[in-house]
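> Just need the structure, nothing else, for what follows:
(one chain, ligands or ions: 1)
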Amino acid sequence: MATYDLDLFVIGGGSGGVRAGRLAAAMGKRVAIAEEYRFGGTCVIRGCVPKKLFVYASQFPEHFEDAAGYGWTVGETSFDWPTLVANKDREIARLEGLYRKGLENAGARIIEGRAVLLDRHTVQVGAETLTAENILIATGGRPNPHEALPGREHCIYSNEAFDLTELPRTIAIEGGGYIAVEFANIFHGLGVETTLIYRGKEILSRFDGDVRRGLHEAMEAKGIRIICQDIIEKVEKRADGRLDTQLMSGNVETFDKVMLAIGRLPNTEGLGLEKTGVETGVKGEIRVDAYSRTSVENIWAIGDVTDRVQLTPVAIHEAMCFIETVFKDNPTEVDHQDIATAVFSQPEIGTVGLSEEDAARRFEELEIYRASFRPMRHTLSGRQEKMIMKLVVDASSRRVVGAHILGPDAGEMAQLLGIAIKGELTKDVFDRTMAVHPTAAEELVTMYRPTYRVRNGERLYDR
Ligand code: NDP
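Take a look at the predicted model:
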């Protein structure tokens, strides 16, 4: 039998790679993990974590406004962007340190540098060449550079948005997905005049129609400009540094910054995959089976590089299934069913399971339970923002197949609803569940009568 330097070589120190490397090393396996930039990957360094910190920062102006109804007088306020960026950097450095320490304590060898595959068992990093019985590719993704757009070199992507030297006065963001919507709210909250430009009819195309419309209206009510059914066709830099932005509709508008957030591409270029026989798909994503095994028996891939579901907890789950399969003799398929997720817009979206639209295609008859109300905290603040809660129920099995929330703490609620939906609970169990009062979430267990039914795609209202 061939002998190798290592049991496992992990390429990429993001959420998925670090989890797999740490668990394997903790089992006593000989593990090395290579990272060319910073440990923590997109999530920690330029994604979920700094984004959420920026979301918090951008919410303060509304908190200050809301305070008046509760009797508070807030004095003059001001915001300092460099302070936020510096504090965010400090927190990221702390988290990066924890990721490294976790690997080191488990006994994994950390290699700083870009790894390239030489063959199906051999990896080169700088001057060093190592062989490994198993190789795990967890190299993540990067913003789609939008090659076809003339003037894209003048634009920024989410990576740059985290480290701008100063806040722009105006910004246009192209895209209608998670990143575009979240950053539109962040920039607006921080006082930037913000325009969102989306090619489709309604933002967040894969979400439930009610929360999409509800969020669109709420964002516009705050003062975010949303242009749908349009795209940016050209960006030109003027002498004063501002950007003339030509839209398909014919309008030319000028912004300080233009941000592109039109999806992310897998990081597979220059990895040496062609020397191993690992197959890739049209976007360059690594093709894997249900166990995250590539077309080459000893090479595995997890996380965004596989372009299955681009979410941190999914990459971590895939890493844990990989460990079970490869090192614990317990083949474990990755379960991508009913993943709860949140969009950290303002108001927030929390969702799990099927949208009404998707469920209507799958089930003959649905019961839809829907409530729209002003959350209690806004009664005194006077803010008009409405909260939406919606349960999608398969009428024949009574199973709750989708839950969608728009409003404060929606992400927190989606996490718990995820358990109920994963557990295939019926609406009757929701009905038997005692409410926690006074909360907004109690609405989820007190909607006793369907708002309407959906039969063969048609909405039917009970009299
Ligand atoms: P998304 O896939 O969410 O959205 C991409 C958007 O860009 C869509 O609105 C899409 O339109 C639009 N688009 C695609 N191609 C073009 C084009 N050529 N011209 C104009 N518009 C285009 O990607 P994001 O970049 O927002 O985020 C990447 C991934 O990161 C997400 O899918 C998500 O999985 C993850 N993420 C998760 C977060 C969270 O959990 N809160 C936060 C941020 C990111 P259309 O809908 O019509 O296809």
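> if you average pLDDT over stretch 282-289, what comes out?
What stretch 282-289 shows for mean pLDDT is 98.
> where's that stretch relative to the chain centroid, distance-wise?
19 Å (CA atoms, centre = their mean, to the nearest Å).
> what does this structure have sitting close to the ligand?
Proximity of the chain to the ligand, by CB under 6 Å from any ligand atom, involves residues 174-180, 182, 198-200, 205, 231, 261-264, 310-311, 341-344. Every C-beta, even on glycine, is put in place using the N, C-alpha and C of the backbone.
> Residue of the stretch 301-450 of the chain nearest the ligand, please.
Residue nearest to the ligand within the stretch 301-450 of the chain (CB to the nearest ligand atom): Q310, separated by 3.6 Å.
> go on, the chain?
G177 (1.9 Å).
> Touching stretch 376-389 from outside, list them.
Applying CB atoms under 8 Å, 6 or more residues apart in numbering, the external contacts of stretch 376-389 come out as 62, 65-70, 210-211, 214, 218, 221, 347, 370-375, 404-408, 438, 440, 443-444, 447.
> buried subset of these?
Burial by neighbour count, judged by 16 or more other CB atoms under 10 Å, picks out 66, 210-211, 214, 218, 347, 370-371, 375, 404-408, 440, 443-444, 447 from the contacts of stretch 376-389.
> neighbours of I92, just the number please.
By the criterion of other CB atoms under 10 Å, I92 has 19 neighbours.
> ok, it - contacts?
G40, V44, I45, V49, P50.
> Can you verify the fourth one is assigned to a helix?
Which is V49. Yes. When DSSP: H, G, I helix; E, B strand; the rest coil is applied, V49 is found to be in a helix.
> circling back to that earlier point, isn't the residue of the chain closest to the ligand right up against L204?
Yes. Counting by CB atoms under 8 Å, G177 does reach L204; the two are 6.8 Å apart.
> For burial, what's the neighbour tally of I203?
23.
> any idea which element the nearest residue to it once chain neighbours are set aside lies in?
Among residues not flanking I203 along the chain, G176 sits closest, at 4.1 Å (CB to CB, 6 or more residues apart in numbering). Taking DSSP states H and E as the definition, G176 sits outside all helices and strands.
> residues contacting G176?
L196, Y198, R199, G200, E202, I203, L204, S205, C228.
> and those residues, which of them are in strands?
Per DSSP state E, strands hold the following members of those: L196, Y198, C228.
> top of these by neighbour count?
L196 (28 neighbours).
> Pretty sure that one sits against E182.
No. Taking contacts as CB under 8 Å, L196 lies outside contact range of E182: 10.8 Å.
> thinking again about what came up before, filter the residues of the chain next to the ligand down to the buried ones, PyMOL style.
With 16+ other CB under 10 Å as the burial test, the buried ones among the residues of the chain next to the ligand are selected in PyMOL as follows:
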select buried, resi 174+175+176+177+178+179+180+182+198+199+261+262+263+264+310+311+341+342+343+344
